[in-house]
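Peer 1: Here is my input, please return the structure:
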Amino acid sequence: MKFSVLLREGAKNARGALVTTILVALVLGVMCAASLVTVGRQAATEAELHRQLTGPQARQLTLVDQNNAGLLPEAFLETLHGTSGVAGAVGYRSTVDVVNGPLGPASQLFALVETGGDISKIITLTAGRYPGPGEAIVPEAMLPQLRLAFPSGYVESRGGRQWAVVGSFTPGGGFEDLDNYLLAGGGSGAYVRVTALANDVENIGAVTDVALAAIGDFDPTKLIIRSSVSQAKQGVAVTGQVAGMGRALLILILGVGALFIAAVVLADVLIRRRDLGRRRTLGITRGGLVALVIARIAYPAVGGTALGIAAAWAYCRLSGNPVALDFSVAVGVLAVLVALLACIPPAIFAAYRDPVEVMRTP
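Peer 2: Residues are numbered from 1 along each chain as shown. Here you go, the predicted structure:
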């Protein structure tokens, strides 16, 4: 049977058996709507949970030299920068209180810290340029407090040291605390604090191991190490459990829907056994008969799926729990495939019945 003829006959038979067509469309619509309202929302929750549990805070390693005893030398920061899996690392030296120079020493105090490392990986420059020796950049959020319309002028410490303001910045993810500091360039010597950010939550353990190996033996009362390894592992475990529950629920919904489809199609082929038997006696092959049954079910399956997906997607969006469009389309395609597979056993049953015996049955 030609494909065009198969489609035409399938559409004709679908129109001729409205009860079966409506039932199949209804089952597919309910199945897709249930999948989106339950599993779709769960998938959206899983994505948000994964974003939170594997975000910058879960990929961060911080080391603090409490007594400024030189435990974090410049070479240590260079080692972290050269480590695979590190998205960015920055070292902080001693913090200095400064004021907006032109406003005088009686004006508001701000914290300035000399940094080391490639700060371009942890901040976004919004104006000006990166600081050199004797220069500083200001957090964008701090400009109004400094009474600056744009980054310019200079800041001055109580001891009279000055830094020219040459730019402004916004901190990257995981380095939000930099909104509280002016960042100065230049400087030399060991760092008081070093913070590294892994590029993936799965790499934070390896980055921590490299850092510990580079430090060697240390006194835990003098060097504080804050690693998010345990948080990262918990995040991966939790999101994995949520994803597993979603998959199990989707399989359950599709499985129940497949049973309903199989039952409806079986009842249909039993009711229409004389018509199917007549086609067999007129020469249609068993494969052609199976294809015809599948084709006539495909029309209401596609229509019911489209209506169910559209209605559920709109409902979720209006209720404030939007489901990703690609997930919705994937569920629709999967539902249609499940429906077509579910109607194959009844179709094979009808195709392998003796057509002569079927025609003799009153």
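
Peer 1: can you tell me how far the closest residue to D118 other than its chain neighbours sits from I123?
Peer 2: Nearest-residue entry for D118: H81, 6.7 Å, with adjacent residues in sequence omitted and distances by Cβ to Cβ, 6 or more residues apart in numbering. From N, CA and C alone the C-beta is placed, and that goes for glycine too. Applying Cβ to Cβ, to the nearest Å, the value for H81 to I123 is 15 Å.

Peer 1: Between the two, which is the more surrounded one?
Peer 2: Neighbour tally, H81 and I123, criterion other Cβ atoms under 10 Å: the higher count belongs to I123, 22 against 17.

Peer 1: Beta-bridge partners for that one, please?
Peer 2: P171 (DSSP bridges).

Peer 1: Quick check, it in contact with S168.
Peer 2: No - contact criterion Cβ atoms under 8 Å: I123 and S168 do not qualify, at 9.9 Å.

Peer 1: So which residue is dead centre in this structure?
Peer 2: Against the mean C-alpha coordinate of the chain, by Cα atoms, centre = their mean, the closest residue is A47 at 4.5 Å.

Peer 1: how many neighbours does the residue nearest to that residue when sequence neighbours are not counted have?
Peer 2: Using Cβ to Cβ, 6+ apart and skipping residues adjacent in sequence, the residue nearest A47 is A324, 7.8 Å away. As a burial measure, A324 scores 13 neighbours (other Cβ under 10 Å).

Peer 1: next one: A248
Peer 2: A248 has 11 nearby residues by other Cβ under 10 Å.

Peer 1: Same question for G216.
Peer 2: With other Cβ under 10 Å as criterion, G216 counts 7.

Peer 1: in stretch 134-141, what's buried?
Peer 2: E135, A136, I137, V138, P139, E140 (16 or more other Cβ atoms under 10 Å).

Peer 1: same thing with stretch 74-91?
Peer 2: Those would be 76-77, 79-81, 83, 85-91, for stretch 74-91 by 16+ other Cβ under 10 Å.

Peer 1: can you check stretch 60-75 too?
Peer 2: Q60, L61, L63, V64, D65, N68, L71, L72, P73.

Peer 1: what does that stretch contact?
Peer 2: 91, 94, 116, 174, 188-198, 204, 207-208, 211, 215, 218, 221-228 (Cβ atoms under 8 Å, 6 or more residues apart in numbering).

Peer 1: Could you tell me which of those are located in strands?
Peer 2: Among the contacts of stretch 60-75, the residues falling in strands (DSSP state E) are 91, 94, 116, 193-198, 223-227.

Peer 1: Report the two of those residues separated the most.
Peer 2: S94 and A198 (26.6 Å; Cβ to Cβ).

Peer 1: between these two, who's got more neighbours?
Peer 2: Counted by other Cβ under 10 Å, S94 and A198 do not tie: A198 has more neighbours, with 28 against 13.

Peer 1: what angle separates the helix ranked longest in the chain from strand 193-198?
Peer 2: In the chain, with assignment by DSSP state H, the single longest helix is helix 229-271. Helix 229-271 runs at 20 degrees relative to strand 193-198, counting by axes from the mean of the first three to the mean of the last three Cα atoms, to 10 degrees.

Peer 1: mean confidence score for helix 229-271?
Peer 2: Here helix 229-271 scores 78 as its mean pLDDT.

Peer 1: same for that helix, what does it pack against?
Peer 2: helix 18-34, helix 41-53, helix 204-215, helix 286-318, helix 325-342, helix 344-351 (3 or more Cβ pairs under 8 Å, 6 or more residues apart in numbering; DSSP states H and E).

Peer 1: Please list all residues in contact with Q108.
Peer 2: V99, N100, Q145, L146 are the contacts of Q108 under Cβ under 8 Å, 6+ apart.

Peer 1: which one of those sits closest to L249?
Peer 2: Taking these together and measuring to L249 by Cβ to Cβ, the closest member is Q145, at 50.7 Å.

Peer 1: is it true that that closest one lies in a strand?
Peer 2: No - Q145 is assigned helix when assessed by DSSP: H, G, I helix; E, B strand; the rest coil, not a strand.

Peer 1: Please name the nearest non-neighbouring residue to it.
Peer 2: Nearest one to Q145, counting by Cβ to Cβ, 6+ apart, is Q108 at 6.6 Å.

Peer 1: do L26 as well
Peer 2: Leaving out its chain neighbours, L26 is closest to G304 (Cβ to Cβ, 6+ apart), at 6.4 Å.

Peer 1: since we're on the one you found, how many residues are nearby?
Peer 2: Going by other Cβ under 10 Å, the residues that sit close to G304 add up to 26.

Peer 1: That one is in contact with V24, isn't it?
Peer 2: Yes - with contact defined as Cβ under 8 Å, G304 counts as touching V24 (6.5 Å).

Peer 1: In this structure A89 contacts T195, no?
Peer 2: Yes - look at A89 against T195 with Cβ under 8 Å: they come within range, at 6.8 Å.

Peer 1: Mind listing the residues bridging to V155?
Peer 2: N100, W163.

Peer 1: thinking it is in contact with N100, fair?
Peer 2: Yes - using Cβ under 8 Å, V155 is in contact with N100, at 6.1 Å.
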